[in-house]
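**Student:** starting from these lines, generate the structure:
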Amino acid sequence: MFESVIGLEVHAQLKTRTKIFCGCSTAFGAPPNTHTCPVCLGMPGVLPVLNKKVVDYTLKMAVATHCSVNRESRFARKNYFYPDLPKGYQISQYELPIAEHGHLHIEIEGQKKRIGITRIHMEEDAGKLTHDTARPISRVDLNRTGVPLMEIVSEPDMRTPEEAGAYLRQLRSIVRYLDVSDGNLEEGSFRCDANVSIMPKGSDIFGIRAELKNLNSFKHVEKAIAYEVSRQKEIIMDGGAVVQETRLWDPAKNRTFSMRGKEDAHDYRYFPDPDLLPLIIDDAWVEATRKNQPELPEQKKARFIDAYGLPAYDAAVLSASRELADYFEACVKLFPKPKPVSNWIMGPLQGLLNTSGKSILEAPIAPAAMAELLELEDEGVISNKIAKIVFEEMAATGEPAKTIVNQKGLVQVSDVAAIEKIVATILDSNPKEVAAYKNGKTKLMGFFVGQVMRETKGKADPKIVNQLLREKLR
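**Tutor:** Residues are numbered from 1 along each chain as shown. A predicted model of the protein is given here:
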């Protein structure tokens, strides 16, 4: 009956050492109001000077998302009052942004979809308010004032919360591949606002939208959109009307609530900033940016499928992070069997990192050490079960796989005669199970294998064990 219409506005903090219009540091976590100067505090008589690195980084994103780069763009003043905005306006771009009309692709359940990008522009961040929980006061920290932001505004092309989540993940992956932003949602260096409305299925007229804020994780984005769609449907079904407003997401209660009426562009009284000249970007600058672009997630995924024969799912997981992709390729260079490498990275290694809350850059097992472990398993020196035990020991101690295997006597038993004796003993000790197996309960094979592996402390070669059991149970 209804379908949702979703557009996202994403602010990515750029990884410059200094702010967009002054030389103050952008480092996170400094004492309040220590990374400030007359320019970012908006003192009378000061003049902003554009940081060229901000333009370089924004150009990289524009090229990566197939945008048209405007050869002339302008900065504008966005006027509004808030205690964390010392000048009383924010320097942004409005009528002439640096880039427009781009797109990227997302994939949902194997189906690709193109999501349009309306515009990308540069702007400065505001400060930060901290509200005292014990007293009715707020404190202002202006360290963040003037930190460079790149805003990426999508077309309203998404129709489900899952599509919005996929778009956001793809966007974050791109900025991290380009190394222009760390994409950290928790620290606020990658922030998202969602515009959500609903319309009758088959219609091309969008409904009244609500803007959702306070979305600091992919999960929250999807949950907030799902709730908001449900809320708007309920209002319309009850004969009411959705109002244009800004709403906050409350993750504790899993609901949105009204914050304020939604402003339109005219409410901000945009006008060109008289202190900043138009930004002129020539063809050579754009082409140099294009020439120096790194391989991006979509391209890397395609290469992983073609060059390594990986399934699309594996390639998507491994290419989502540049660091994870680099780890995979470093392993494959030393142990050229891509699928086993992929299985170990996506399985035991990712499980270990998730449990410990670490990133792939903090992995306790280096690619060379991982390759050595996989080689021992591939050569039959250790079984897969033993390999997982060795893996855990490597992560805990930092010792190489060969050292652990030798010290703990974990070499796989491949002596057929020795295993055959153990198999015979197991079968003699379990006559009822043997009879049941021969009467058709073939699932008991797992029981027999388990008994042999327990007797050999997991060291017996599983292939030999299975072969001998099949022969003896005929």
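
**Student:** run through who's touching the strand or helix carrying residue 333.
**Tutor:** Secondary structure assigned from DSSP states H and E places residue 333 in helix 322-334. With contact meaning Cβ atoms under 8 Å, 6 or more residues apart in numbering, helix 322-334 is reached by 176-177, 294, 300, 304, 308, 317-319, 338, 341-342, 345, 359-361, 363, 367-368, 370-372, 374. (Each C-beta comes from the backbone N, C-alpha and C, glycine too.)

**Student:** now do the strands in the stretch 101-250 of the chain.
**Tutor:** Assigned by DSSP state E, counting those that start in this stretch, the strands in the stretch 101-250 of the chain fall at 111-124, 128-131, 138-141, 148-154, 190-200, 210-215, 245-250.

**Student:** so where is the stretch 151-300 of the chain shaky, pLDDT-wise?
**Tutor:** 261-266 (pLDDT under 70).

**Student:** what are the boundaries of the helices in it?
**Tutor:** 161-178, 218-237, 283-291, 297-308 (DSSP state H, counting those that start in this stretch).

**Student:** residues of the second one that come out buried?
**Tutor:** Neighbour-count burial for helix 218-237, counted by 16 or more other Cβ atoms under 10 Å, picks out 218, 220-229, 231-232, 236.

**Student:** dump those residues into TSV; add distance to residue 64 as well.
**Tutor:** Shown next, in TSV, are the buried residues of helix 218-237 (distance: Cβ to Cβ, whole Å):
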residue	distance to residue 64
218	20
220	26
221	21
222	24
223	28
224	27
225	25
226	29
227	32
228	30
229	30
231	35
232	33
236	39
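
**Student:** hang on, the earlier thing: right, and the helix or strand after the helix holding residue 333?
**Tutor:** Where DSSP H and E defines the elements, the next helix or strand beyond helix 322-334 is helix 338-344.

**Student:** buried residues, that following helix. List them.
**Tutor:** Neighbour-count burial for helix 338-344 [16+ other Cβ under 10 Å]: 338, 341-342, 344.

**Student:** same question, stretch 86-105
**Tutor:** Quick answer for stretch 86-105 (16+ other Cβ under 10 Å): 86-87, 89-94, 96-100, 102, 104.

**Student:** keep only those of those that are in strands.
**Tutor:** 89-92, 99-100, 102, 104 (DSSP state E).

**Student:** ok, so of these, who is nearest residue 120?
**Tutor:** Closest to residue 120 out of these is residue 99 (4.3 Å), distances taken as Cβ to Cβ.

**Student:** relative to residue 294, how far out is that closest one?
**Tutor:** For residue 99, the distance to residue 294 equals 18 Å [Cβ to Cβ, to the nearest Å].

**Student:** can you check residue 41 too?
**Tutor:** 37 Å.

**Student:** more crowded one of these two?
**Tutor:** residue 41 (17 against 12; other Cβ atoms under 10 Å).

**Student:** wait, doesn't that one sit right on residue 86?
**Tutor:** Yes - at 5.1 Å, residue 41 and residue 86 qualify as touching, with contact defined as Cβ atoms under 8 Å.

**Student:** name the residues contacting each of these two.
**Tutor:** Taking Cβ under 8 Å, 6+ apart as the criterion, residue 41 and residue 86 both touch 142, 145.

**Student:** put the alpha carbons of stretch 305-317 into CSV.
**Tutor:** This file holds the C-alpha atoms of stretch 305-317, laid out as CSV (Å, rounded to 0.1, in the frame of the first residue of the first chain):
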residue,chain,number,x,y,z
ILE,A,305,36.3,-12.5,-8.0
ASP,A,306,38.2,-12.6,-11.4
ALA,A,307,41.8,-12.9,-10.2
TYR,A,308,41.3,-15.2,-7.2
GLY,A,309,38.1,-17.0,-8.1
LEU,A,310,36.4,-16.0,-4.8
PRO,A,311,32.6,-16.2,-4.4
ALA,A,312,30.9,-12.8,-4.6
TYR,A,313,30.1,-12.9,-0.9
ASP,A,314,33.8,-13.4,0.1
ALA,A,315,34.9,-10.7,-2.2
ALA,A,316,32.4,-8.3,-0.8
VAL,A,317,33.4,-8.9,2.8
